[in-house]
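> Pasting the sequence and the predicted model now:
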Amino acid sequence: MFNYEFMRIAFFVGIMLAVIIPLIGNTVVFKGLSMTGDALSHTALAGVAIGLIVGVNPLITAIIASVVSAFLIELIRKKFYKYSEIAIAIVLSLGIGLAGVLSSFAPSANLNSYLFGSIISISSLEVCITVGLFAVVIITTILFYKELMYISYNEKGAQLAGVPVDFVNFIFTLLTALTVATASRTIGALIVSSLMVVPVATALQVSKSYKGTIIKSVIFSLLSVSLGLTVSFYEGLKPGGTIVLISIAFLMLAMLIKAIIKQSEKHHKHEHLNV
């Protein structure tokens, strides 16, 4: 498998995305905005269509569309603070509408590669963008770890505690948009949101702290991507879909194990009371 250069590149890019996507996903999930990735990926797809139509690198137009949409979500979210999901629904609808209309004018073959990803055929530019994004997300997560944690749990409380909420939200929103747009090209626009949420959901089944959830979500994401790429190579399957199905399998397994442990503890407690 690693005798092929495209698989070495796929693993290199896949591992970087497997680390940074759940890092972004943790904050998204804890803020109650789990569908953000879905909304941004659809607007990124509309950006791809624009790039294909006007003859510009689709990744560039996808990034622009995703960034604009991310800040639009933040703007609408502030208008409907108690109903944050409305902002996501509005932008998701906008993205689906634009992507649907523009897809009629874009080459279908190229657009399909963005729907389900094409991690085995990414360009040198896309590799460089992923490397740069990987470094920025890692550094930002380390520098703003406490701020992101406070904002994730209680944005109003964080503001009262002196956390620069608007600035941190600006940085986080920008990184979310860049991550979704980049991952849409490699993993797939219809799949990236799943990888942003499912590993975090799996980690929540086996973790009791914010830090533990972050670490374990990255581990589950790395396992999903590595196994997904391996299985897809040997079985001739689509890498993006295979990765997500494996991540779902990890979630189901974690839920099953947690249920068994709870049942066992309940049984032991019942026996203790009888004694």
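Ah, there it is. Numbers count the residues shown, from 1 in each chain.
> make it CA atoms for all contacts and neighbour counts henceforth
Will do.
> pLDDT wise, what is Ile119 at?
Per-residue pLDDT puts Ile119 at 68.
> Ser221 too?
Listed pLDDT for Ser221 reads 94.
> now Tyr83
Reported pLDDT for Tyr83: 67.
> and if you look at Pro58?
pLDDT at Pro58 comes out at 82.
> ok, now Asn110?
Here, the pLDDT recorded for Asn110 equals 64.
> And Thr130, by the same measure?
Thr130 is assigned a pLDDT of 88 by the prediction.
> Now do the one helix or strand it maps to: distance to the chain's middle.
Here Thr130 sits within helix 124-143, counting by DSSP states H and E. From the chain centre to the centre of helix 124-143 is a distance of 14 Å (Cα atoms, centre = their mean, to the nearest Å).
> mind saving the C-alpha coords of it as PDB?
Only the C-alpha atoms of helix 124-143 are listed here, as PDB (Å, rounded to 0.1, in the frame of the first residue of the first chain):
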ATOM      1  CA  SER A 124       0.600  19.900  -4.100                       C
ATOM      2  CA  LEU A 125      -1.200  23.200  -3.400                       C
ATOM      3  CA  GLU A 126      -3.800  21.300  -1.400                       C
ATOM      4  CA  VAL A 127      -1.200  19.500   0.600                       C
ATOM      5  CA  CYS A 128       0.600  22.800   1.400                       C
ATOM      6  CA  ILE A 129      -2.700  24.400   2.500                       C
ATOM      7  CA  THR A 130      -3.400  21.400   4.700                       C
ATOM      8  CA  VAL A 131       0.000  21.600   6.300                       C
ATOM      9  CA  GLY A 132      -0.300  25.300   7.000                       C
ATOM     10  CA  LEU A 133      -3.800  24.800   8.400                       C
ATOM     11  CA  PHE A 134      -2.700  21.900  10.600                       C
ATOM     12  CA  ALA A 135       0.100  24.100  12.100                       C
ATOM     13  CA  VAL A 136      -2.300  27.100  12.700                       C
ATOM     14  CA  VAL A 137      -5.000  25.000  14.300                       C
ATOM     15  CA  ILE A 138      -2.600  23.200  16.700                       C
ATOM     16  CA  ILE A 139      -0.900  26.400  17.700                       C
ATOM     17  CA  THR A 140      -4.300  28.200  18.200                       C
ATOM     18  CA  THR A 141      -5.700  25.300  20.300                       C
ATOM     19  CA  ILE A 142      -2.700  25.400  22.600                       C
ATOM     20  CA  LEU A 143      -2.600  29.200  23.000                       C
END
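> Need the contact partners of it.
When contacts are defined by Cα atoms under 8 Å, 6 or more residues apart in numbering, helix 124-143 is touched by residues Val13, Met16, Leu17, Ile20, Leu23, Leu59, Leu148, Leu175, Leu178, Thr179, Thr182.
> Please point out which parts of it sit buried.
Within helix 124-143, the residues scored as buried using 16 or more other Cα atoms under 10 Å are Glu126, Val127, Thr130, Leu133, Phe134, Val137, Thr141.
> and stretch 170-183, which residues are buried?
Going by neighbour count (16+ other Cα under 10 Å), the buried part of stretch 170-183 is Phe172, Thr173, Leu174, Leu175, Thr176, Ala177, Leu178, Thr179, Val180, Ala181, Thr182, Ala183.
> quick check, nearest of those residues to Ala249?
Among those, Ala183 lies closest to Ala249 (Cα to Cα), at 21.1 Å.
> May I have the predicted confidence score for the closest one?
We have a pLDDT of 83 for Ala183.
> What strand or helix carries the spatially most central residue of the chain?
Of all residues in the chain, the one closest to the mean position by Cα atoms, centre = their mean is Met196, 2.6 Å from it. With secondary structure defined by DSSP H and E, Met196 is part of helix 192-206.
> Please save the CA atoms from that helix in PDB.
Listed in PDB are the C-alpha atoms of helix 192-206, where the atom choice follows Å, rounded to 0.1, in the frame of the first residue of the first chain:
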ATOM      1  CA  VAL A 192     -16.600  16.300   6.700                       C
ATOM      2  CA  SER A 193     -19.400  17.300   9.200                       C
ATOM      3  CA  SER A 194     -19.700  13.700  10.300                       C
ATOM      4  CA  LEU A 195     -15.900  13.500  11.100                       C
ATOM      5  CA  MET A 196     -16.300  16.700  13.000                       C
ATOM      6  CA  VAL A 197     -19.000  15.400  15.300                       C
ATOM      7  CA  VAL A 198     -18.900  11.500  15.500                       C
ATOM      8  CA  PRO A 199     -15.400  11.100  17.100                       C
ATOM      9  CA  VAL A 200     -16.300  13.800  19.700                       C
ATOM     10  CA  ALA A 201     -19.600  11.900  20.400                       C
ATOM     11  CA  THR A 202     -17.600   8.700  20.800                       C
ATOM     12  CA  ALA A 203     -15.100  10.400  23.100                       C
ATOM     13  CA  LEU A 204     -18.000  11.700  25.300                       C
ATOM     14  CA  GLN A 205     -19.000   8.100  25.900                       C
ATOM     15  CA  VAL A 206     -15.700   7.300  27.500                       C
END
